[in-house]
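**Q** could you work out the structure for the sequence below:
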Amino acid sequence: MWCFSMEFIHIGDILSGDYEGKTVHLRGWVHRIRKQKKMVFVLLRDPTGVVQTVIKPTAVGEKTYADAQRMLIESLVIMTGIVKADSRAVGGFEVQVNEMNVLHFAEEFPITENQSVEFLNDNRHLWIRSRKMTNVLRVRDEVFRAAREYLRNSGFFETTCPMFVSTMGEEGAELFEVEYFGKKVYLTQTSQMHLEPQLFALERVFILAPSFRAEKSRTRKHLTEFWHLEVEEAWCDHDCNIKRQEELISHICKSVAENRPKELKELGVDRECLLSIEPKFDRMTYSEAIEYCQSRGLKIEWGEDIRTEAERVLTDQRDNFLVIEYYPKEIKSFYMKHNENDPRTYKNNDVLAPHGFGEIIGGSERETDAQRLIDNLIRIGDDPEKYKWYIDIRRYGSVQHSGFGVGVDRLITWILKLDHIRDCIPFPRTVSRIYP
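**A** A predicted model of the protein is given here:
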């Protein structure tokens, strides 16, 4: 009989090989079940893995065995049994059950084999239990942990910023407008502008939080609500900023390879590819990138943004990340640092992931001159008065600083070689999906 004082172990502990021949207490969900007249085989699942269990009437008694015959997948059970090595079983071990208690008899599960992508997304609240999604979420956790580890070890403070904002940080057409007690405000596209003032207290800051973009893009890399790792650093110029990006991405990739090998193997991902990611990344200017794309037959002119097809051309033959720097002012944001070596451009950069994937980071050195910020806003037709608070930080002890934003979901999608960005997040939000 189940009681709170029982010492349960995780299935992953059994798969490590430390419990062979020992009696263990397990709890979890029925992942798969195969019923025979004289025995029932149950694949039991918990967050750490699955293990085969064998239930026989002679071991558990007729009443418990009747429960085993009755239960369906996703039923919640606790079991006690002896661990035996068995090369035929999933993970190389099975548990011969001598006690079992069904805590909840599940109804017939609606998800079966060969369901459509749309059906699985409609039932995301249930599909999230699949082995694929479980492994993806465990890798996702490691990406979040590794990012925080690198930044904290580098002297950064994690902070928070508002999700309701009164000014735009990127393109105005991509804003979600919200009614806020009779006023018009927006869901934030980026926390950058509220991170920068915090530099003057802490020097190095970061935030890991959602951002919102009302892009009507239906590509495999776009979400309307995505997780955004944003970093701002004082006393840091353009080259310092790129170095920070390289070190962060390298650290995340290595941490996933070293700490989630089992999940990577189940997902069919080569961990050696992640271990090979090291600074320095490949690097070219925007002008060089445009010339390269033109040489590959792409119709693109200087002054146009580097979008999906150009990103593919630039990265499909690369095994390393690519930094593209010095984009034209007309296609980038007003707060970026003027490039004195080429006045047409800012001191900015994007980082593109290899193998044709494309952009995962955008960053720049930030403009420190208040009047130049005002001039930039006037040039793009915006009202400097709306940004008075932001311009103020350039009036009182302005310091050289740089920052960048990482699309965390895109990075995870690249790491796991997923077909679509929605597969890396528990509940994706896209142009066409707000349910569940």
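
**Q** going forward, measure contacts between C-alpha atoms and count neighbours the same way
**A** Fine.

**Q** check contacts around Phe164.
**A** Taking C-alpha atoms under 8 Å, 6 or more residues apart in numbering, we find Phe164 in contact with 185-188.

**Q** that one pairs with what?
**A** Leu187 (DSSP bridges).

**Q** so what's it scoring on pLDDT?
**A** pLDDT for Phe164: 96.

**Q** could you do Met1 as well?
**A** Confidence for Met1, expressed as pLDDT, is 57.

**Q** then the one 4 residues further on?
**A** Ser5 is assigned a predicted lDDT (pLDDT) of 66.

**Q** kindly report the same for the one 4 residues further on.
**A** On the pLDDT scale, Ile9 is placed at 97.

**Q** just the one 4 residues further on next, same as before
**A** Asp13 is assigned 97 on the pLDDT scale.

**Q** which residue, neighbours along the chain excluded, lies closest to it?
**A** Tyr19 (7.4 Å; C-alpha to C-alpha, 6 or more residues apart in numbering).

**Q** the one you found and Ala85 touch, don't they?
**A** No: taking contacts as C-alpha atoms under 8 Å, Tyr19 lies outside contact range of Ala85: 9.6 Å.

**Q** the spatially closest residue to Gln317 that is not a sequence neighbour and Trp29, how far apart?
**A** Leaving aside its chain neighbours, Gln317 sits nearest to His355 (6.2 Å; criterion: C-alpha to C-alpha, 6+ apart). Distance, His355 to Trp29, by C-alpha to C-alpha, to the nearest Å: 38 Å.

**Q** where does this structure have low pLDDT?
**A** Residues of the chain meeting the criterion pLDDT under 70: 1-5, 169-173.

**Q** tell me which of His355 and Trp29 has more neighbours.
**A** Each of His355 and Trp29 has its neighbours counted (other C-alpha atoms under 10 Å); Trp29 has more, 24 against 19.

**Q** contacting residues around Glu278?
**A** Neighbouring residues of Glu278 by C-alpha under 8 Å, 6+ apart: 246-247, 250.

**Q** now with 7 Å, please.
**A** By C-alpha atoms under 7 Å, 6 or more residues apart in numbering, the contact list for Glu278 reads Ser250.

**Q** tell me where the stretch 51-200 of the chain has helices.
**A** For the stretch 51-200 of the chain, the helices defined by DSSP state H, counting those that start in this stretch cover 57-60, 62-70, 117-122, 124-127, 131-153, 192-195, 199-202.

**Q** closest one to Ile9 among those helices?
**A** For Ile9, the closest of the helices of the stretch 51-200 of the chain is helix 131-153, at 18.5 Å, according to C-alpha to C-alpha.

**Q** name the residues of that closest one that are buried.
**A** 131, 133-140, 142-143, 146-151 (16 or more other C-alpha atoms under 10 Å).

**Q** picking up where we left off before, can you redo the helices of the stretch 51-200 of the chain as CSV with distance to Ile415?
**A** Converted to CSV, these look like this (distance: least, C-alpha to C-alpha, whole Å):
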stretch, distance to Ile415
helix 57-60, 45
helix 62-70, 40
helix 117-122, 21
helix 124-127, 21
helix 131-153, 9
helix 192-195, 25
helix 199-202, 31
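
**Q** for Glu365, which of those is the nearest?
**A** helix 192-195 (12.1 Å).

**Q** for the closest one, which outside residues touch it?
**A** For helix 192-195, using C-alpha under 7 Å, 6+ apart, the contacting residues are 161, 230, 232, 390.

**Q** only C-alpha atoms, please: export stretch 407-420 in CSV.
**A** The C-alpha trace of stretch 407-420 is given here as CSV (Å, rounded to 0.1, in the frame of the first residue of the first chain):
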residue,chain,number,x,y,z
GLY,A,407,16.5,34.2,-29.5
VAL,A,408,16.7,31.3,-27.1
ASP,A,409,14.0,29.2,-28.9
ARG,A,410,15.9,29.6,-32.2
LEU,A,411,19.1,28.5,-30.5
ILE,A,412,17.4,25.4,-29.1
THR,A,413,15.8,24.6,-32.5
TRP,A,414,19.3,24.7,-34.1
ILE,A,415,20.9,22.7,-31.3
LEU,A,416,18.3,19.9,-31.7
LYS,A,417,18.0,20.2,-35.5
LEU,A,418,14.2,20.5,-35.1
ASP,A,419,12.0,21.0,-38.1
HIS,A,420,10.1,23.9,-36.6
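
**Q** mind listing what's buried along it?
**A** Across stretch 407-420, burial judged by 16+ other C-alpha under 10 Å covers 407-418.

**Q** can you give the distance of it from its chain's centre?
**A** How far stretch 407-420 lies from its chain's middle: 7 Å, per C-alpha atoms, centre = their mean, to the nearest Å.

**Q** stretch 374-387 too?
**A** The answer for stretch 374-387 is 34 Å, by C-alpha atoms, centre = their mean.

**Q** quick one, phi/psi of the nearest residue to Phe157 once chain neighbours are set aside?
**A** Once flanking residues are discounted, Phe157 sits nearest to Val205: 4.7 Å by C-alpha to C-alpha, 6+ apart. The phi and psi torsions at Val205 (degrees, to the nearest 10) take the values phi -140, psi 160.

**Q** got it, and Arg372?
**A** Here is the backbone geometry of Arg372 (degrees, to the nearest 10): phi -70, psi -40.

**Q** so the residue nearest to Gln317, which of the three states?
**A** Put simply, His355 is coil when judged by DSSP: H, G, I helix; E, B strand; the rest coil.

**Q** from Arg218, how far out is it?
**A** Look at His355 and Arg218: by C-alpha to C-alpha, they are 21 Å apart.

**Q** could you do Val408 as well?
**A** From Val408 to Arg218 the distance is 18 Å (C-alpha to C-alpha).
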